[in-house]
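Asks: my questions concern the predicted model and sequence given below.
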Amino acid sequence: MKRILLLECSPHRQEASGSQMARQLIARRWPSAEVIERDLAGEPLPPVSAEYASALTGSAPFDDPAFACSEVLIAELEASDCLIIVTPMHNFNVPAALKLWIDYVLRIHRSFTTSAQGKVGLLQDRPTLVLVSAGGFYHGEQARQSDFLSAYLRHVLSTLGITQVEFVHQQGMALGAESVQAALNAVLPQLEKTTNFFSSPPRR
């Protein structure tokens with residue numbers, strides 16, 4: 001593994017348990033990897049502007065100033081050998097900070113194109129790990145709420161061209177200390193299963 005893009009999406013930033021687990025996994029599994037950190041909650045992206053929307057719908061060239069932020073984010077993704085997303089589930093879906101990143105990265109003619117069969121990703125596939133934390137249960141036998149995050153994020157990534165995606169679920173984080181500890185204990189074996197997922201040779 002040469003380069004990892006780490007997206008931090010929790011308002012708790014590095015204090016979030018998912019963030020700590022991701023960093024421990026990186027340090028143990030890929031100690032020599034370069035990590036590109038993007039703190040989407042602590043250093044929020046600028047809102048999508050009218051200039052950006054006009055450049056997008058007007059098929060402006062890639063070097064148009066309105067695309068500057070988008071180009072930086074897409075370049076970070078293109079330069080990575082793998083992607084790790086650490087995100088909470090907010091109201092059944094991705095938080096606003098991650099949605100804004102998606103709005104900048106998922107860009108027609110740059111990261112995807114269209115065809116008679118639908119949208120086609122233009123980025124190279126890479127192993128992607130998504131660590132999701134939620135206050136309640138949305139996955140498995142204890143599920144009591146809907147999960148629009150997993151399917152949505154998997155579809156977004158596939159539209160970019162990224163299909164090697166694994167999810168790790170950290171649930172019940174708002175149900176008391178015992179539930180939190182149970183969630184942490186459940187995440188560890190899930191993370192261990194992902195080590196084979198990243199065993200393929202890095203992209204060239």
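Replies: Looks like it came in fine. Residues are numbered from 1 along each chain as shown.

Asks: please report how far Pro95 lies from His109.
Replies: Distance of Pro95 to His109, given as Cβ to Cβ, to the nearest Å: 27 Å. C-beta coordinates here come from the backbone N, C-alpha and C atoms, glycine included.

Asks: these two: who's more crowded?
Replies: Pro95 (18 against 12; other Cβ atoms under 10 Å).

Asks: residues contacting that one?
Replies: Residues near Pro95 by Cβ atoms under 8 Å, 6 or more residues apart in numbering: 9-11, 41, 87-88.

Asks: let's see it at 7 Å
Replies: 9, 87-88 (Cβ atoms under 7 Å, 6 or more residues apart in numbering).

Asks: repeat that for Asp125.
Replies: 161-164.

Asks: quick check, it in a strand?
Replies: No - checked against DSSP: H, G, I helix; E, B strand; the rest coil, Asp125 lies outside a strand; its state is coil.

Asks: show me what contacts Glu76?
Replies: Contacts of Glu76 by Cβ under 7 Å, 6+ apart are 5, 36, 38.

Asks: would you map the helices across this structure?
Replies: 17-29, 50-57, 68-78, 96-105, 149-160, 177-193 (DSSP state H).

Asks: looking at the ones you listed, spot the one closest to Ser115.
Replies: helix 149-160 (12.0 Å; Cβ to Cβ).

Asks: low-confidence ranges in this protein?
Replies: 1, 173-176, 179-180, 182-183, 195-204 (pLDDT under 70).

Asks: pick out the residue closest to the middle of the chain.
Replies: Ile85 (3.4 Å; Cα atoms, centre = their mean).

Asks: hang on, the earlier thing: out of the contacts of Glu76, which is most surrounded?
Replies: So for the contacts of Glu76 (other Cβ under 10 Å), the most neighbours sit at Leu5, 22 neighbours.

Asks: leaving out chain neighbours, which residue sits closest to that one?
Replies: Ser80 (3.7 Å; Cβ to Cβ, 6 or more residues apart in numbering).

Asks: need the helices of the chain in a markdown table (columns: distance to Pro127).
Replies: What follows is the helices of the chain, written out as a markdown table (distance: least, Cβ to Cβ, whole Å):
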| stretch | distance to Pro127 |
| --- | --- |
| helix 17-29 | 12 |
| helix 50-57 | 29 |
| helix 68-78 | 13 |
| helix 96-105 | 17 |
| helix 149-160 | 11 |
| helix 177-193 | 13 |
